[in-house]
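Undergrad: What would the 3D arrangement of this be:
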Amino acid sequence: MAALPAVAALAVVLLAGCGVPVDDEPRLVQPPPGRSPTPAGTATVDPDGRVDEPFCFVRDEGLAVATRRVEGLPGVDAHLQHLLAGPDRAERSRGLATALPGTVAVAGATLGGTVATVDVRQAGEETGRNDEVLAFGQIVCSLTQRPDVDSVAFRRDGQPLEVPRADGSVSALPLTAADYRPLLPR
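TA: Residues are numbered from 1 along each chain as shown. Below you'll find the predicted structure:
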């Protein structure tokens, strides 16, 4: 029985040494290596309430990120419709384009938890486009930059749809920007 108070006292001494050290003055905390100071999916908010609406468009043979300042981040489906409308005049003057029209026929998008599900209709045979990887990459990269979306799933007629990834493989699982990293600027 005499050992119990000694064990308790030893535990208190050991636990007291596990605290966070106190600095004399404030110090800057550095993000872990390999992480940007502003994580993907974080919207920048102005004092006037405007936020970034992120888009991934096509430049050359890859994807490029563009943002538009808006009053408030729209819902996932409205954001997708803005992406489908393509780059605006200023974005086109910077060499941005889109692979979406004629490649992927989008019916709409919903958000369930942190997964955006995009409904795709069968594209017409007359499209003549073969840049599906860029088209699906545009959707995934645009939507996963939102703070409320971690991944994007695609379905056709209510069934999971296999879509191409940047490495040439196809997946019916929810995708992230990492699946299209080779297409993003370094």
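Undergrad: Excluding chain neighbours, give the residue nearest to Asp77 in space.
TA: Ala109 (4.6 Å; CB to CB, 6 or more residues apart in numbering). The way it works is simple: take the backbone N, C-alpha and C, and place the C-beta from them, glycine included.
Undergrad: tell me the pLDDT at Asp131?
TA: Listed pLDDT for Asp131 reads 85.
Undergrad: How about the contacts made by it?
TA: 58, 99, 103 (CB atoms under 8 Å, 6 or more residues apart in numbering).
Undergrad: about what we covered before: mind listing what's buried along the helix or strand hosting the residue nearest to Asp77?
TA: Using DSSP states H and E, Ala109 maps to strand 105-112. By 16 or more other CB atoms under 10 Å, the buried positions in strand 105-112 come out as 105-106, 109.
Undergrad: other SSEs contacting it?
TA: Applying 3 or more CB pairs under 8 Å, 6 or more residues apart in numbering; DSSP states H and E, one finds that strand 105-112 contacts helix 76-84, strand 115-121.
Undergrad: CA atoms only: put the first one into CSV for me.
TA: Right, the one you point to is helix 76-84. The C-alpha trace of helix 76-84 is given here as CSV (Å, rounded to 0.1, in the frame of the first residue of the first chain):
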residue,chain,number,x,y,z
VAL,A,76,-21.2,23.4,-55.7
ASP,A,77,-23.6,23.2,-58.6
ALA,A,78,-23.4,26.9,-59.3
HIS,A,79,-19.6,26.8,-59.1
LEU,A,80,-19.6,24.0,-61.6
GLN,A,81,-21.8,25.9,-63.9
HIS,A,82,-19.4,28.9,-63.7
LEU,A,83,-16.6,26.5,-64.6
LEU,A,84,-18.5,25.1,-67.6
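Undergrad: who touches it?
TA: Contacts for helix 76-84 (CB under 8 Å, 6+ apart): 53, 55-56, 68, 73-74, 98, 100-101, 106, 108-111, 116, 118, 138-139, 142-143, 146, 148-149.
Undergrad: Narrow those residues to those that are buried.
TA: Neighbour-count burial (16+ other CB under 10 Å) applied to those gives 53, 55-56, 73, 98, 100, 106, 109, 116, 118, 138-139, 142-143, 146, 149.
Undergrad: quick one: the helices in this structure?
TA: For the chain, the helices defined by DSSP state H cover 3-16, 76-84, 89-93, 132-143.
Undergrad: mean pLDDT lowest for which of those?
TA: helix 3-16 (a mean of 52).
Undergrad: Show me where this structure dips below the pLDDT cut-off.
TA: 1-48, 123-130 (pLDDT under 70).
Undergrad: hmm, try it at 80
TA: 1-49, 102, 122-130, 186 (pLDDT under 80).
Undergrad: Report the contact partners of Pro160.
TA: Taking CB under 8 Å, 6+ apart as the definition, contacts of Pro160 comprise 153-154, 172-173.
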